[in-house]
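Participant: Mind looking at a prediction? Sequence and model below.
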Amino acid sequence: MKMNYQPIENYGLIGDLATTALVGMDGSIDFMCFPHFDSPTIFAALLDRENGGYFRIAPQAGEFRHRQRYFPDTNILLSRFLGEQGIAEISDFMAVEHLGHCHNLIRRVKVVRGEIKLKMTFAPKFDYGRTGHSIERKTDKLIFIPDKKHLPALLLRSSVPVKIQNGAAVAEFTLRSQQTASFVLEEARAGEESPSANKDYVPDAFKETMNYWLAWTARSKYRGRWREMVNRSALVLKLLTSQAHGSIVAAPTFGLPERVGGERNWDYRYTWIRDASFTLYALMRLGYTEEAQAFMRWMEQRCGELEPGRPLQVMYHLDGRRDLRERILTNLEGYKKSRPVRIGNAASSQLQLDIYGELLDSVSIYDRHGEPISYDFWTNITTLVEWVCKNWKQSDDGIWEVRGGRRPFLYSRAMCWLAIERAMEIARRRSFPAPLVRWHRIRDEIYTNIYKTFWDSRLNSFVQFRGAKTVDASSLLLPLVKFISPTDPRWKSTLEAIEKNLVEDSLVYRYLPSKAAPDGLRGAEGTFSMCSFWYVECLARAGDLKRGAIHFRKSIGLRKSSRALC
């Protein structure tokens, strides 16, 4: 059957704090790396409908409308099919690993009304669709064994009869009102009897997983008017955390284009120091200190691995590995033929000076509101700050990871200032030993340098890099980290320049490719949602609450529904 690409916004996210899966409104799981975030895919139909692999449950015939939403305050996803024959629904979730499961993805289909013929197709494609497999039928399960032996085998358990067709498992069955069928995907482990063999496993796992997420959401300290959306965003962020390592992935996907047909198709399944620091900041503001503590342990390990004079890497694998060589998967056509499809990320070898400021800002917040950092961690921090003191004048690749050559970026300089400022703050608060006089002098030198060399009197604005004639949305963070007052005349005129050049209604572009530092890529830039919320906060801090609220409501109004990915 010829399969069409669904809109990306038609997918909901489920996960078990080790990996995730994207579930389409049509009942098809079209993307999943297994068994970890940065493992090869077993389903990648989102990147190649014919050759990527998928796990689909759907009515066999008839016209159906699709609906999808989460059970409130959980990461259990409900997909509904509504038609003249009746109503069917699929509950999709992954059982959290520490509860004794083995990366188990559980799908329970139920007919709510009427009688509906359904079809299940389980068609995995191992190693990004590059490796074949064989199938072994056991008494109550199928084992899918990849040809490459280092890849994990998959176990599929079904409550309805399954037949093997062309390397896939297929089940055709009919359910009447209130009848159910269930399917469990997990890692096949030799010599181990899985808990999923128990006849009550699916309902028990559902209750267990529901209670886990409800208990986690209840820990949030946010009680404002946007509670449903804040909780949903927090649940997505939690899904991106690694329970085993404490690290946080920037996103669970790779190869999805910024624009259909474009080449800005990156692999985000890694831990960026910057992105993880932003995520940590959000979770700590909500009261989730356990996640912050786990990440700080992971971060301390990365700092402890540094050789003298060597900077932090921009990003790492979940377990701290540094090798993220970028490669192109020529066997996948890409989402709606958006090539190339890349795995790995060459930006890992870039120099991005801003990461130290974002990291130290989060460390300072954690030290104040989470748990006091250790002396050993502090000694690692002083090593980082000393490196910043010696290297802040360097040109770098910047927050947007441009591939058109290094520049002396304003934002990178400001984050070097922030790194030293926050380190001084920690040292004073905790009475840690530190060369405060020298740090103070260098901090002020960076501050003065920014005002002297990054201010354009003709534009009446701070500019993207020294000598540039354009602004950059990253400057919106300057008042948010208290580098400049949100009511300072220089900031007000900079904000006006950003509004004139980068703001389109409530949406904000990161930069203008035609005028900004070259990013080394063809095609236009889309707006960037994070920048829209920075813009809203700048308006609010400047006292323009009415306009800030309008832009905030417009921005959140762009989401497709409360179940859309955040």
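Facilitator: On my side now, so go ahead.
Participant: Have a look at the protein and report its longest strand.
Facilitator: Scanning the chain for the strand with the most residues, using DSSP state E, yields strand 105-123.
Participant: Flag every buried residue along that strand.
Facilitator: Buried residues in strand 105-123, counted by 16 or more other C-beta atoms under 10 Å: 105-111, 116, 118-123. Using the backbone N, CA and C atoms, a C-beta is placed for each residue, glycine as well.
Participant: Which residues does stretch 329-339 contact?
Facilitator: Contact with stretch 329-339 is made by 5, 8, 44, 46-48, 51-52, 128-130, 255-257, 259-263, 265, 340-343, as judged by C-beta atoms under 8 Å, 6 or more residues apart in numbering.
Participant: same for the longest strand of the chain, what does it pack against?
Facilitator: Contacts defined by 3 or more C-beta pairs under 8 Å, 6 or more residues apart in numbering; DSSP states H and E place strand 105-123 against strand 54-59, strand 86-94, strand 168-176, strand 180-187, helix 201-218.
Participant: cutoff 6 Å now
Facilitator: strand 54-59, strand 86-94, strand 168-176, strand 180-187 (3 or more C-beta pairs under 6 Å, 6 or more residues apart in numbering; DSSP states H and E).
Participant: got those strands as JSON lines, with distance to Tyr316 and mean pLDDT columns?
Facilitator: Formatted as JSON lines, the helices and strands packed on strand 105-123 follow (distance: least, C-beta to C-beta, whole Å; pLDDT from 0 to 100):
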{"stretch": "strand 54-59", "distance to Tyr316": "30", "mean pLDDT": "98"}
{"stretch": "strand 86-94", "distance to Tyr316": "24", "mean pLDDT": "98"}
{"stretch": "strand 168-176", "distance to Tyr316": "36", "mean pLDDT": "98"}
{"stretch": "strand 180-187", "distance to Tyr316": "24", "mean pLDDT": "97"}
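Participant: Ile450 reaches Ser412, doesn't it?
Facilitator: No. Counting by C-beta atoms under 6 Å, Ile450 does not reach Ser412; the two are 10.4 Å apart.
Participant: Among those two, which residue is more densely surrounded?
Facilitator: Ser412 (27 against 20; other C-beta atoms under 10 Å).
Participant: if we can go back for a sec, would you list the buried entries among the contacts of stretch 329-339?
Facilitator: 5, 8, 44, 46-48, 52, 128-130, 255-257, 262-263, 265, 341-343.
Participant: Quick one: the helices in the stretch 151-300 of the chain, in order.
Facilitator: 201-218, 227-239, 273-285, 289-304 (DSSP state H, counting those that start in this stretch).
Participant: what does the stretch 1-150 of the chain give?
Facilitator: 126-129.
Participant: Could you list the low-pLDDT ranges of the stretch 51-200 of the chain?
Facilitator: Filtered on pLDDT under 70, the stretch 51-200 of the chain yields the residue ranges 97-101.
Participant: so how far does stretch 241-258 reach from one end to the other?
Facilitator: 24 Å (C-alpha to C-alpha, to the nearest Å).
Participant: go on, stretch 36-43?
Facilitator: 13 Å.
Participant: what residues does it touch?
Facilitator: By C-beta atoms under 6 Å, 6 or more residues apart in numbering, the residues outside stretch 36-43 that reach it are 18-19, 29, 31-34, 53-55, 124, 127-128, 249, 252, 269, 317-318.
Participant: Recalculate using a threshold of 8 Å.
Facilitator: Against stretch 36-43 from outside (C-beta under 8 Å, 6+ apart): 18-21, 29-34, 52-55, 124-129, 151, 154, 240, 242, 249, 252, 269-270, 317-318.
Participant: Give me the subset of these that lies in strands.
Facilitator: Thr20, Ala21, Ile29, Asp30, Phe31, Met32, Cys33, Tyr54, Phe55, Leu154.
Participant: okay, now the third one: neighbour count?
Facilitator: Spelled out, it's Ile29. Neighbour count of Ile29, defined by other C-beta under 10 Å: 25.
Participant: ok, which stretches of the stretch 351-500 of the chain are helices?
Facilitator: 355-369, 375-391, 410-430, 436-453, 489-502.
Participant: Compare those and give me the one nearest Ser514.
Facilitator: helix 489-502 (11.1 Å; C-beta to C-beta).
Participant: The closest one versus helix 436-453: what angle between them?
Facilitator: On the basis of axes from the mean of the first three to the mean of the last three C-alpha atoms, to 10 degrees, helix 489-502 is oriented at 50 degrees to helix 436-453.
Participant: just checking, what packs against helix 489-502?
Facilitator: Applying 3+ C-beta pairs under 8 Å, 6+ apart, one finds that helix 489-502 contacts strand 461-462, helix 529-541.
Participant: from the middle of its chain, how far away would that helix be?
Facilitator: From the chain centre to the centre of helix 489-502 is a distance of 30 Å (C-alpha atoms, centre = their mean, to the nearest Å).
Participant: what pairs with whichever helix or strand comes after that helix, and is each one parallel or antiparallel?
Facilitator: Remark: after helix 489-502, the chain's next helix or strand is strand 503-504, criterion DSSP states H and E. Partner strands for strand 503-504, per DSSP bridges, with pairing direction: strand 507-508 (antiparallel).
Participant: average pLDDT across the strand it pairs with?
Facilitator: Mean pLDDT, computed over strand 507-508, is 96.
Participant: Adjust the sequence numbering to begin at 221 for everything that follows.
Facilitator: Understood, numbering begins at 221; the last thing we discussed is strand 727-728.
Participant: residues making contact with that strand?
Facilitator: Ala693, Leu696, Ile718, Leu722, Thr747, Phe748, Ser749, Cys751, Ser752, Trp754, Tyr755, Ser775.
Participant: Pick out whichever of these sits closest to Met245.
Facilitator: Nearest to Met245 among the contacts of strand 727-728, with distances taken as C-beta to C-beta, is Ser749, at 21.3 Å.
Participant: What count of nearby residues applies to the residue nearest to Thr603 when sequence neighbours are not counted?
Facilitator: Nearest residue to Thr603 in three dimensions, chain neighbours excluded: Leu526, at 6.7 Å (C-beta to C-beta, 6 or more residues apart in numbering). For Leu526, the count of nearby residues is 15 (other C-beta under 10 Å).
Participant: which ones are touching Leu526?
Facilitator: Leu526 touches Leu532, Asn600, Thr603, Leu604, counting by C-beta under 8 Å, 6+ apart.
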